[in-house]
Each structure stands twice: as C-alpha cells, then as structure tokens.
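> just to be clear, the model below is a prediction. Sequence and coordinates:
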Amino acid sequence: MTDAPTAQPRPWPTELRLGKDRKVLTIAFEDGSRFDLPAEYLRIKSPSAEVQGHSPDERKTVPGKREVMILEIQPIGNYAVRLVFDDMHSTGIFSWDYFAELGRNQAAYWQDYLDELAAQGLSRDPLRR
C-alpha cells in the first residue's frame, strides 16, 4: 500500500485583526506568513459576483475606493469571513485560502489594478458631490 501524495496544507489563520482606523486587516497564518491587507485592496478584490462576475470576462474594475473602511467582520463557518465595507458592499466571502492568495500576490495584483484604472481613465479617489 502506498501513501497518496500529500497536498499542501490549507492556510489556517492564527490572527485576524482590524486596525483601529478600520483601513487595514492583518491576517497571520500557522506557517508564519503575515499580511497587512488594506481595506481598499480587499474591497477591489472582493470575491463577490458583483466584482468578479461569473466569468473572467465579467470581472469589474472598481474605482473610487481609496477611503473605504471595513465596518464588520462576520464569521462564515470555520472557513471564511464576510467583510462589510462602509460603502455597504458585503457580498464577498473571503476564505482563508483567498486571504493567503491575496497576501502572497499583493504587489502584482495591486499593480494590475493600478494599470486597469489607468487604462480605463478611472481613479482610486471617490467621486465628490
């Protein structure tokens, strides 16, 4: 009898902390990795269908979220949390796997976002009324 190859262990959080200004979510994992994820980054990378669409072609570039804050962190079972943002977006469920992916790829994902904004003539700044 042979052992099946072992899959890489799933990331498991040891800390999830929202900064006092509600603009940075810190998440640490058992493997020692730790990420400070800005609320704006989490908002624009929300795993919700509203942002991601139902296929890559439907994914939206979300402008104007420079000042967004996280109002609430709601547990979803033992595998994820729902983040409620102050623009009332609350449909994204962030799994531990997705948080780890966002942390590991933060620089590249952020640059892609800035490039998308520039290409579409959009801004990180909210519209002023």
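Okay, I see it.
> shaky segments in this structure?
Using pLDDT under 70 as the threshold, the predicted model of the chain has low-confidence ranges 1-8, 129.
> spatially central residue for it, please.
With the centre of the chain defined as its mean C-alpha position, the nearest residue by C-alpha atoms, centre = their mean is residue 42, 3.2 Å away.
> that one: helix or strand, and which one exactly?
Secondary-structure element containing residue 42, defined by DSSP states H and E: helix 39-44.
> now do the same contact list for residue 61.
For residue 61, the contacting residues are 44, 113, 116, 117, 120, 122, by C-beta atoms under 8 Å, 6 or more residues apart in numbering. The C-beta positions use only the backbone N, C-alpha and C, and glycine is treated the same way.
> what's the spacing between the first one and residue 10?
When you say that, I think you mean residue 44. From residue 44 across to residue 10, the span is 25 Å (C-beta to C-beta, to the nearest Å).
> those two - which one has more neighbours?
With other C-beta atoms under 10 Å as the criterion, residue 44 and residue 10 differ in neighbour count, and residue 44 comes out ahead with 22 against 12.
> could you grab the helix/strand/coil label for the closest residue to the more buried one other than its chain neighbours?
In space, residue 44 comes closest to residue 62 once its chain neighbours are excluded; the distance is 4.6 Å by C-beta to C-beta, 6 or more residues apart in numbering. Classification of residue 62 using DSSP: H, G, I helix; E, B strand; the rest coil returns coil.
> which parts of this protein are strands?
Using DSSP state E, the strands assigned to the chain run over residues 13-18, 24-29, 34-38, 70-76, 80-85, 93-95.
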